[in-house]
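[1] Curious how this folds, go ahead:
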Amino acid sequence: MKAVVLKAFGDIDQLEIKDIPVPTIGEDEVLIKTKAISINPVDYKIRKGIGWAPELLAYDPIILGWDVSGIVEAVGAKVEQFQIGDEVFGMVNFTGHGKAYAEYVAAPAAHLAKKPQNISHEEAAASTLAALTAWQAFNSYGKLRPNDKTLIHAASGGVGHFAVQIAKHLGAYVIGTSSAKNKNFVLGLGADEHIDYKLVKFEEVLSDLDFVLDAISGDNFAKSIQVLKPFGTIIGLPSGYKADDEIAARAKHLHASFYMKVYSSGEDMQHIAGLLEREIIKPYIYKIYALSEIKEAHQQIESGTTVGKIVIRI
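    Below you'll find the model as predicted:
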């Protein structure tokens, strides 16, 4: 099969398409014939050797990717929920060696859900890591309640555009930040208000918020703490925060997750599948690439200008 192998940590030229054997599966796994994958900012960060990337050095070859949608071709002896021919999708083995940049993927059955009939494989692949992050932020790491006044940073991005839709479904009042050019996109997702982060300092116009989802972190995290009411909730994605942020959060008695790590969960994927099936959420695909264009796809996601999701059709 064809797969994208990471030769060494570094730039996009370290990504190489090679022919390698189809993976074997364990008794709790299924073999997926890949139809589509999607990529996320974590992909290029791991490619560069950032964060937990060194853990992958134990594997040869290293194959990036965690988001997959495809058709079950083989089933492990202990797998009961899927059978050959099922269309499935999920975020597999995160954090770990997902190996989704390939024509076939060996995936734990416990990380998957059946793909809804009303969406394509491309849409399904787009609705995995990013959608799971938003879902888990509001239902696991934090508990978003109806009427919670909620600020979602980077609302036009992969996680952000799902977060707006899921938060509205849960009954929140949503304020989304993005650049001015994406204002209509963010409002079209259901956001009640939009803030142009380039022109407006959100910390000067907002206060007494119940919930903040911060995909930016750094100084943004500290400013977000300022706009929360006491006992509010702030969830930060793994982009770095300062020690002073923890002190400030404790002073306001906040429920704070400084370094949220999304985790693989077939149960949560079933929730996502239900939302997709009922058209409560919909992925926005910025561009679809071929596997041979994986370097260009990495360049795009690394640019920080992607609206919604990047998908690779296999």
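
[2] how's this structure carved up into domains?
    Recorded structural domains for the chain (assignment: automatic domain parsing) are 2-127+283-313, 131-257.

[3] Could you tell me the least trusted of the ones you listed?
    Looking over the domains of the chain, mean pLDDT reaches its minimum on domain 131-257, with a mean of 90.

[4] related to what we said a few turns ago, between the domains of the chain, which gets nearest to Met269?
    domain 2-127+283-313 (3.7 Å; Cβ to Cβ). In this view, the C-beta of every residue, glycine as well, is placed from N, C-alpha and C.

[5] who touches Gln165 in this structure?
    Gln165 sits next to Leu189, Gly190, Ile280, Ile281, Lys282 when contact means Cβ atoms under 8 Å, 6 or more residues apart in numbering.

[6] Return the members of those classed as buried.
    Buried subset of these (neighbour count, 16 or more other Cβ atoms under 10 Å): Leu189, Gly190, Ile281, Lys282.

[7] from those residues, which two are the most distant?
    Spatial extent of these (Cβ to Cβ) is set by the pair Gly190 and Lys282 at 10.7 Å.

[8] So Val5: helix, strand or coil?
    Under the three-state scheme (DSSP: H, G, I helix; E, B strand; the rest coil), Val5 adopts strand.

[9] what are the phi and psi angles of the residue nearest to it when sequence neighbours are not counted?
    Nearest residue to Val5, sequence neighbours excluded (Cβ to Cβ, 6 or more residues apart in numbering): Pro61, at 4.3 Å. The phi and psi values for Pro61, taken as degrees, to the nearest 10, are phi -80, psi 160.

[10] Relative to Ile17, how far out is Pro61?
    Distance of Pro61 to Ile17, given as Cβ to Cβ, to the nearest Å: 12 Å.

[11] Figure out how far stretch 84-98 is from the centre of its chain.
    14 Å (Cα atoms, centre = their mean, to the nearest Å).

[12] List the buried residues of it.
    For stretch 84-98, a neighbour-count test (16+ other Cβ under 10 Å) marks Asp86, Glu87, Val88, Phe89, Gly90, Met91, Val92, Asn93, Phe94, Thr95, His97, Gly98 as buried.

[13] hang on, isn't the second one packed against Ser69?
    Going back to what we said before, that points to Glu87. Yes - using Cβ atoms under 8 Å as the test, Glu87 is close enough to Ser69 to be in contact (7.5 Å).

[14] where do the contact lists of those two overlap?
    Lys115, His121, Ala124.

[15] Can you give me the neighbour number for the last one?
    Same thing as Ala124. Ala124 has 31 neighbouring residues, counting by other Cβ atoms under 10 Å.

[16] Pull the contacting residues for it.
    Residues near Ala124 by Cβ under 8 Å, 6+ apart: Ala36, Ser69, Glu87, Phe89, Lys115, Pro116, Leu276.

[17] can you give me phi and psi for the residue lying closest to Ile63 once chain neighbours are set aside?
    Counting by Cβ to Cβ, 6+ apart, Ile63 lies nearest to Lys99, which is 4.1 Å off, once chain neighbours are set aside. Main-chain dihedrals, Lys99, degrees, to the nearest 10: phi 60, psi 40.

[18] ditto for Leu64
    Dihedral angles (degrees, to the nearest 10) for Leu64: phi -80, psi 180.

[19] Just the CA atoms of stretch 272-281, as CSV, please.
    Taking C-alpha atoms only, stretch 272-281 is exported to CSV below (Å, rounded to 0.1, in the frame of the first residue of the first chain):
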residue,chain,number,x,y,z
ILE,A,272,-20.5,13.3,16.8
ALA,A,273,-22.1,10.9,14.4
GLY,A,274,-25.5,11.6,15.8
LEU,A,275,-25.0,15.4,15.5
LEU,A,276,-23.9,14.9,11.9
GLU,A,277,-26.8,12.6,11.0
ARG,A,278,-29.3,15.1,12.4
GLU,A,279,-27.4,18.0,10.6
ILE,A,280,-26.9,19.8,13.9
ILE,A,281,-23.3,20.2,13.0
